[in-house]
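Visitor: have a look at this prediction, sequence included:
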Amino acid sequence: MGLKKLMKNKSALFFVYVFLVLLSFVLPPVTEDKKPIHKLSPTPQAAKTAYVTRVIDGDTVEIEGGQKVRYIGVDSPELHHPTKAVQCFAQEAMEKNRSLVEGKNVRLEKDVSDTDKYGRLLRYVYLEDANATSSSIFVNEYLVDQGYAYAVSFPPDIKFIDRFIKAQEKARQNNRGLWLSCKRQ
């Protein structure tokens, strides 16, 4: 008798479990009512190659077709801000970015967000090695590692934030770039 009752309870629990799983697909997710800062793409896209026509500052470029690209996870000192003065090391950051990518093909990789609130593409940027001695230079990380930019986190785009934080700590410990020349503004 006890075995039959136990089996009935297991069957009932199984059906409750199945019902809850199915219900989770039907009901909308419960989230806080916040407006997204970034436009989200429904599915991940593969990396694309683009030609950099102009460097705007230390963390933003313009690609062929006029679209602006903002590097994910990094923030260089402000050069062209409507309400802020030019910040320490901004010119050097822009010049380094220019020497790396202007007039070159780069590989652009999306994280979660497609664009920021200004309509700029949000991307990780890779410079392919022309000599084929190594696979590529991860521009976002390189700028932080060499002290031309700070590591910043803007969820949901955080795929490489741990790498950027380690690169920033290395730059700070070695007094590279802005870590030698500037106080954080």
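Guide: Happy to help now that I have it. Small disclaimer: the values here were computed from a predicted structure and weren't measured.
Visitor: tell me who's in contact with residue 150.
Guide: 74, 75, 76, 144, 168, 178, 184 (CB atoms under 8 Å, 6 or more residues apart in numbering). Using the backbone N, CA and C atoms, a C-beta is placed for each residue, glycine as well.
Visitor: state the distance from the residue nearest the centre of the chain to residue 57.
Guide: Most central in the chain under CA atoms, centre = their mean is residue 72, positioned 3.1 Å from the mean C-alpha point. Separation of residue 72 from residue 57 (CB to CB, to the nearest Å): 15 Å.
Visitor: can you add pLDDT and distance to residue 47 and give the contacts of residue 150 back as TSV?
Guide: As requested, the contacts of residue 150 are exported to TSV (pLDDT from 0 to 100; distance: CB to CB, whole Å):
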residue	pLDDT	distance to residue 47
74	98	18
75	97	22
76	97	22
144	99	20
168	98	24
178	97	29
184	60	32
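Visitor: most surrounded residue in those residues?
Guide: Top of these by neighbour number is residue 144, holding 32 neighbours under the definition other CB atoms under 10 Å.
Visitor: now that one, what's its secondary structure?
Guide: helix (DSSP: H, G, I helix; E, B strand; the rest coil).
Visitor: for it, what are its contacts?
Guide: Contacts of residue 144 by CB under 8 Å, 6+ apart are 73, 74, 150, 151, 164, 167, 168, 171.
Visitor: for stretch 166-178, buried residues please.
Guide: 167, 168, 171, 176, 177, 178 (16 or more other CB atoms under 10 Å).
Visitor: keep only those of those residues that are in helices.
Guide: Applying DSSP state H to those, the entries found in helices are 167, 168, 171, 178.
Visitor: wait, doesn't the second one sit right on residue 148?
Guide: It refers to residue 168. No: if you go by CB atoms under 8 Å, residue 168 and residue 148 don't touch, sitting 10.9 Å apart.
Visitor: quick one, strands of this structure?
Guide: With DSSP state E, the ranges of strands along the chain come out as 39-40, 48-57, 60-63, 68-71, 74-75, 105-109, 113-115, 121-128, 136-138, 150-151.
Visitor: angle of the longest one against strand 105-109?
Guide: With axes from the mean of the first three to the mean of the last three CA atoms, to 10 degrees as the criterion, the two stretches strand 48-57 and strand 105-109 enclose an angle of 100 degrees.
Visitor: let me have the ones in helices among the buried residues of stretch 166-178 in CSV, adding distance to residue 63 as columns.
Guide: Listed next are these as CSV, based on distance: CB to CB, whole Å:
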residue, distance to residue 63
167, 24
168, 26
171, 27
178, 26
